[in-house]
Structures are given as C-alpha cells and as structure tokens.
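J.: pasting the sequence and the predicted coordinates here, then a few questions.
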Amino acid sequence: MNYKLIQLKTKKKSGLKFLIKEFLVYRRGLVLTGGLLLLIALTSAWIPKLIEQGTNQHIITGDLTGINKLSALILIVIIITAVAFYYETRLAGHISQKVVFNIRQKIYAQLQTLPLAFFSHNQSGEIIQRVTENVNDIDRFFQHGFLRLVNMASKMMLVFIFMFVINWQIAAIVLSGVIIILLFLLIQGNILHKMSNKYLAMDSHLAAFDQETLDGHKVIAAFNQKQFWVERFQKRNQQFYQYSKKYNLVSVSSDGFLSIVSNITTFLVLFVSLSFFSQQQLAAGTVILLTAYSFSVFKKMNGISNIWMNLQRGLAAADRLQLILKLKANIVEIANPYDPPINQVRGAVEFKHVTFSYAADKKPALKNLNLKIKPGQSVAIVGPTGAGKTTFVNLIARLYDPDKGRVLVDGVDVKNWELDNLRSKIGYLIQDTFLFEDTILNNLRYNNPAVTQKQASAVFKQLGASSLIKQLPQGLMTKINSQGNNLSAGQRQIVALARVLLRQPKVLILDEATAKIDTKSEKMIQTAIEKSTQRITSFIIAHRLSTIFNSDLIMVINDNTIVECGAHKDLLKKKGAYFEMYSRFVR
C-alpha cells in the first residue's frame, strides 16, 4: 500500500461524501438550524414589504396611527430576526465544533493504528498540518461557507417569490444578473478546487520545512548554517507567496465581477420601475420595494468569493483528511490470536527463510534469513550501515511483516500472536530514546501505570545507577524538560532502560543504545545491560565491538543477509567477515 500522502490523489466528490456523512450525525440540529435560517430569511424579506405597505397606505396619506402600528410591527419582526440569528449562530457553532472534534479524534486514533511505513514516508509537519489546519478548514467550510450560502440562497429565494408576484419583468432582470454571476462562480469554483489542493499541499510543505528546521536547530547552529536555512526558507516562502497571490486573485475575482453586474442590474431595475411608475402601473412604495429587493439580492451575494473559497478549501481539506482515514494498517491481527499468560512466554526466536523489502518494487532489505535463538541467549548484531540490522529486530516486534518466510516467537508465527501481548513481552531501546515532559516516575510508568516508587528505585539499584537518582534535585519526581534536555545522554538512556526493564520483557532489543554517549556513560550502561540481560533473550546492535565480546552469539549481516553467526572465538577462527571487522578494531 502507498502510504505517501503527497502521492495520493484527491477527489471533490469523495470529500463531499465524507463531510455529508460526518454532519448527518447531527441531522436534528441541522434541521433546526435550517428552520431558523428559513425564519431569518422570511423576516428579512418581509421587512421591505412592510415598508412598502407603510409608504403606499400610511406615509402618503399622512396616517400617523398606521405608521406607529407598522413601526411597532417592524420592530417586533427585527427582534424575532435577532433572536433567531442568535440561536442559529449558537447551534451552528455547536454542530461545527462537534464535527471538528469528532474528525480530529478519528484522525488521531487512525494515526495510532498506521504502520511505521506511514511515518517514514511522510514528514511530521505534513501530518500535523492535516490534523490541525485542514480540520479547521472543515469548520470554516460549514460556518463561513455552507451556512452562509444556505442563508443567502434562502433569502434570495423568498425575495424572488415576492418580486415575481409583484412584477415578473423586473424580477426577470434581477434573476438574469444572478444567473450570470452563478455561471461565473461555477467556472471559478472548478479552478479554485484545483488550486486549493496545490495551495494546501504547498502550505503543508512549508509547515514540514518549519518542523524540520526546529528539530534540527542545534545542528544548524553547530554547523553555522543559519543563513543557508534562512535562504532556503525564503525561496520556499517566496514560491508559496507567489502562488498565494494567484490563488487569492482568482478567489476575489468574483467580487469585482459581482460589483459590475449588480450595479448594472440595479440601475436597470430602477430605470424600468420608474417607467412603470410613470405609466401608473407601480406605486411609489412598490418602486422603492423592488429597488430595495434588487439591492438586497446583490448585497447578499457580496463577499461570495469568501464563501466560495471556504467551500472549495473545505472540500479540498476533507479530501486530504479522508485519505488518511482510508489508509489501512498492514499489520493486522487474525481472529482468535495466540495470547499466552506472561509466565508461559520463554523468549525463543526463530527466523525461517525470511525475506523483506520496504516496497514491492525495491530490492530486499533482508533476504533468506535463517536463525534460531534459544530463550535467554544474547545475540550481538554487527555489520555495515544499511545492511539491515535494525530491520531485522523490527521484524521480531512485528513492526513490519516479512514478504516471505516466517518469524517465530516461542514457536508461534508473530502474525498469529495477539499484537499487544507480543509487544508487551519485547523491550525496545534505541539510540534516540524519547522521554515525555513529565516526572521521571511517570516516564517509568508509561504503559505500566502500576509501577511504584519502591519498584522504580529497585530497578535503578539493579542497574547500578542509584546515584543517578540521588544526584537529581527531586529524585524520581524530577520533571524532565522538553526532549530530556535537563538530563545527559547517558542519564536519558538509563531512564529509558529502566522503563523497559520494569515491563519485565522476555525479549530485549538494544539498537545502538550506547552510540551517542561518552565512554564513561557507555561503561555504566554496558554494565547495566549485562545485569539486565541475564535470563532474557537479547538482541544487541552495536557499533563498538568492545561491547559484544561476551554475547552468546555474534551475527554478521552484510549484503542484506546473514553471512556469519557464532561465538566470538569461533568467528575469529574462521577468519571471515567478522575477523576482518575485529582486525580493524584492534589496530
């Protein structure tokens, strides 16, 4: 399956279906909102009719009593309109926010189910932009696009009914002007939809670029590349600016066109109405009414470019969101999966003729792997960069599924395991460990809330790292800053290792866990690892050979397959790939 969002095509119809489905959940509220909009339209169209009545029946004749009664009635109608507008706005806002809330929840929940392939193929800024800005576009679509369009259409419909009853010729003139504008908007809408997709995509790329810059700010500063990145941003920002100008030019072009058509049409209405008045076919109040209606119709269409833009952007945003929701996880459980109790899990691991590639059209990252590991054995994995070491351990935790062959844990294919059970028995420690902005204790409790302070202290003592906690100002209750910056790299790795061990895994995976720390911290962590891996099946990916000599097995991966496997002394006797690596190490 293609998980790269930028390559997935969007369609207007699919976005519309998605929005209809989401909003119909609140169909009762929508019906009530529609009723209130109809009431607002009716009262708005009625007020000019009352003014016509007052002009023809009371003002011309000087009937003050009639004028006062009519004024009171108009005031009541205005109050009814205001109250209806208040409740309509409040209800519409509630519906819109509920839909936005639901979509955001669905998107976030969906992201948790998607495989690593999705996150490796898409930049975090692109994903964040869809979860935030595109979801907000749905709110603008409903409140500032759809509802305003319905409000405008309902008012215009009632106005035209009144106008055709009064004088169909003048009504036809106004209707002709509206049709001309709508035809223009139809053409503009198709252009805007295509432009909206590109506009949102460019916006996403800019957000992704910003995210990358923030994540790498230390490296940028260290290499004195600030000006280089400023220039890169300026280039991308300039491209987005130029396209935004084109986009906005198209979106607001309807305002100018509407102004020309509305002014010409209103002039024609006034001219024809006065002609009828001179022929005594229309009363003075009716001339005022028809002119007011004509002006009202085009005033309601004023700002339609914003309505149209919000509609088009909303549809484009819906397209982009439903694409995420349509993605299917490629790691799925079978019915009635294998779900053994913790005391029955031993930690035996076996690879049988395993071949894996990240994409069907690419060469295998691993090919024809065969390996059998007994419970409690420690396996060191070495090899050049890109040979497939991390991919190998990822298959054990079923972060990916092999294309061919089987990966077995305790003799059971990992595809047949209950996924949460399998991963709960596997401890995973990587070089770029992640700690949350919370206390050390709460970080240790991640996915293991029952951990007590006593248990936490015991695991640090087991690792020979009790001094680490004593050195911190508040011990286990010390709050970790963003990205763990108030701890050293070695301290972060110790905390991460303690978190893994508190889960009591049966299989422990250490993916270059000491690659980014100093020699002193590495020795402390190495001692901690040796203590923690006793009686636990462990896989250790190491960049320093000094850390793996005591492993039960050393596996050499090269050219995407296992070229050697055995104990340290045995592999040296073979004088093969491992011997060459060791010879370079001891020089």
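T.: Ah, there it is. Numbers count the residues shown, from 1 in each chain.
J.: does His94 sit in a helix or strand, and which one?
T.: helix 64-113 (DSSP states H and E).
J.: same deal with Leu399?
T.: Using DSSP H and E, no helix or strand contains Leu399.
J.: ok, the closest residue to it other than its chain neighbours - how many residues close by?
T.: What sits nearest to Leu399 in space, not counting adjacent residues and going by C-beta to C-beta, 6 or more residues apart in numbering, is Leu116, at 5.3 Å. Backbone N, C-alpha and C define where each C-beta goes, glycine included. Residues near Leu116, counting by other C-beta atoms under 10 Å, number 13.
J.: repeat that for Lys363.
T.: When neighbours are counted by other C-beta under 10 Å, Lys363 registers 9.
J.: what does Asn394 give?
T.: 19.
J.: ditto for Leu502
T.: 20.
J.: would you mind confirming that it is in contact with Ala458?
T.: No - with contact defined as C-beta atoms under 8 Å, Leu502 does not reach Ala458; the gap is 9.3 Å.
J.: which stretches of the stretch 451-587 of the chain have low pLDDT?
T.: For the stretch 451-587 of the chain, the stretches flagged by pLDDT under 70 are 483-484, 513-525, 528-529, 531-534, 543, 546-547, 586-587.
J.: which stretches of it form strands?
T.: According to DSSP state E, counting those that start in this stretch, the stretch 451-587 of the chain carries its strands in the segments 507-511, 537-541, 553-558, 561-566.
J.: could you dump those to JSON lines with distance to Leu282 and mean neighbour count?
T.: Shown next, in JSON lines, are the strands of the stretch 451-587 of the chain (distance: least, C-beta to C-beta, whole Å; neighbours: other C-beta atoms under 10 Å):
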{"stretch": "strand 507-511", "distance to Leu282": "86", "mean neighbour count": "24"}
{"stretch": "strand 537-541", "distance to Leu282": "90", "mean neighbour count": "25"}
{"stretch": "strand 553-558", "distance to Leu282": "92", "mean neighbour count": "22"}
{"stretch": "strand 561-566", "distance to Leu282": "93", "mean neighbour count": "18"}
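J.: top helix in the chain by residue count?
T.: helix 226-278 (DSSP state H).
J.: packing partners of it?
T.: helix 168-215, helix 284-301, helix 304-326 (3 or more C-beta pairs under 8 Å, 6 or more residues apart in numbering; DSSP states H and E).
J.: same thing but 10 Å
T.: The contact analysis (3 or more C-beta pairs under 10 Å, 6 or more residues apart in numbering; DSSP states H and E) places helix 226-278 against helix 168-215, helix 217-222, helix 284-301, helix 304-326.
J.: so what's the residue count around Ile191?
T.: 14.
J.: who are the contact partners of it?
T.: Tyr247, Val250, Ser251, Ser253, Gln312 (C-beta atoms under 10 Å, 6 or more residues apart in numbering).
J.: repeat that with 8 Å
T.: Ile191 sits next to Val250 when contact means C-beta atoms under 8 Å, 6 or more residues apart in numbering.
J.: that one and Lys198: what is the separation?
T.: 11 Å (C-beta to C-beta, to the nearest Å).
J.: same check, this time on Ile557
T.: With C-beta to C-beta as the criterion, Ile557 and Lys198 are 43 Å apart.
J.: that older thread, what's the separation between the residue nearest to Leu399 and Ile557?
T.: 19 Å.
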